[in-house]
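**Student:** Quick one, fold the following:
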Amino acid sequence: MKNLQKKFNTWIFDLDNTLYSAETGIFDQIDKLMGEFISTNLNVDMNEAKKLQKKYFKKHGTTLRGLMDNHNINPEDFLNEVHRIDYSIIKPNLSLTNALKKINGNKIIYTNANRSHVNAILSRLELIDAFDNIFDITDAEYIPKPEISSYRELIKKFDVNTETTIMFDDIAKNLVPASKIGFTTVWIDIGRENYSDDIENSKEYLDYQTTDLPLWLNSIIKEL
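**Tutor:** Alright, predicted model coming up:
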């Protein structure tokens, strides 16, 4: 790990399994709906649908991108369907709320999901006003992390200084391009590997690692 040497004026956060615990089961709901969408729209059984879901997620960064490239699926149809979930299981995290309030600088959510999903999550977390900007999959023209062109588009849109930016994500390989373009990176270790991830080959690009985002934020704020 590198020593903390920079102060940050831009803080970039992934959304799912980063701002809330993976243990809530939100992504499990999404995962199930993705399989059902693929089964229905490609007319395959659930076993084949799940194979395609994982294959496209690993190869294309998101299942959606794989469906768009290989089957001409309408992205909005997909996004609307897979976000028909029960958001009530998301609860506010006072420790996270307090930490975010202490952060000075531009706070951005950068997600492969769409804006309606972001707003639903932030509403449940009571963080609607905690972030300055959102960069969702439509802003990225459906080019997902970890495609580096998506990061460059974010940098351009928000006039980001890469040398004073820190990024948080639960998928280690999403932090590889972030590191390559100059961001400081923090991996949120959720205790189990996402089937699209590549932790072993991403390790050299991870500046910091934590299992507790609010605790980590509060510790770094004291140093800055």
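**Student:** worst-scoring helix or strand of the protein, pLDDT-wise?
**Tutor:** helix 199-202 (a mean of 80; mean pLDDT, DSSP states H and E).
**Student:** Just give me how far that one sits from the chain centre.
**Tutor:** Per Cα atoms, centre = their mean, to the nearest Å, the displacement of helix 199-202 from the mean C-alpha position of its chain is 17 Å.
**Student:** which parts of that helix are buried?
**Tutor:** residue 202 (16 or more other Cβ atoms under 10 Å). C-betas here are computed from N, CA, C, even on glycine.
**Student:** Show me what counts as buried in the very next helix or strand once past that helix.
**Tutor:** With elements assigned by DSSP states H and E, the helix or strand that comes after helix 199-202 is strand 208-210. For strand 208-210, the neighbour count (16+ other Cβ under 10 Å) marks 208, 210 as buried.
**Student:** Tell me the helices and strands packed up against the least confident helix or strand of the chain.
**Tutor:** Using 3 or more Cβ pairs under 8 Å, 6 or more residues apart in numbering; DSSP states H and E as the contact test, no helix or strand touches helix 199-202.
**Student:** Contacts only, for the closest residue to residue 91 other than its chain neighbours.
**Tutor:** Nearest residue to residue 91 in three dimensions, chain neighbours excluded: residue 124, at 7.1 Å (Cβ to Cβ, 6 or more residues apart in numbering). Contacts of residue 124 were listed using Cβ atoms under 8 Å, 6 or more residues apart in numbering, and they are 87, 88, 90, 91, 92.
**Student:** Roughly how far does residue 124 sit from residue 210?
**Tutor:** Distance, residue 124 to residue 210, by Cβ to Cβ, to the nearest Å: 22 Å.
**Student:** Please save the CA atoms from the helix or strand that contains residue 40 in PDB.
**Tutor:** Taking DSSP H and E as the criterion, residue 40 maps to helix 26-42. The C-alpha coordinates for helix 26-42 follow below in PDB (Å, rounded to 0.1, in the frame of the first residue of the first chain):
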ATOM      1  CA  ILE A  26     -30.200  -6.100  -3.100                       C
ATOM      2  CA  PHE A  27     -27.800  -7.400  -5.700                       C
ATOM      3  CA  ASP A  28     -29.200 -10.900  -5.200                       C
ATOM      4  CA  GLN A  29     -32.600  -9.600  -6.200                       C
ATOM      5  CA  ILE A  30     -31.100  -7.900  -9.300                       C
ATOM      6  CA  ASP A  31     -29.200 -11.000 -10.100                       C
ATOM      7  CA  LYS A  32     -32.400 -13.100 -10.100                       C
ATOM      8  CA  LEU A  33     -34.300 -10.600 -12.300                       C
ATOM      9  CA  MET A  34     -31.400 -10.500 -14.800                       C
ATOM     10  CA  GLY A  35     -31.700 -14.200 -15.200                       C
ATOM     11  CA  GLU A  36     -35.400 -14.000 -15.700                       C
ATOM     12  CA  PHE A  37     -35.100 -11.200 -18.200                       C
ATOM     13  CA  ILE A  38     -32.600 -13.200 -20.300                       C
ATOM     14  CA  SER A  39     -34.700 -16.400 -20.100                       C
ATOM     15  CA  THR A  40     -37.800 -14.500 -21.300                       C
ATOM     16  CA  ASN A  41     -36.200 -12.300 -24.000                       C
ATOM     17  CA  LEU A  42     -33.800 -14.800 -25.500                       C
END
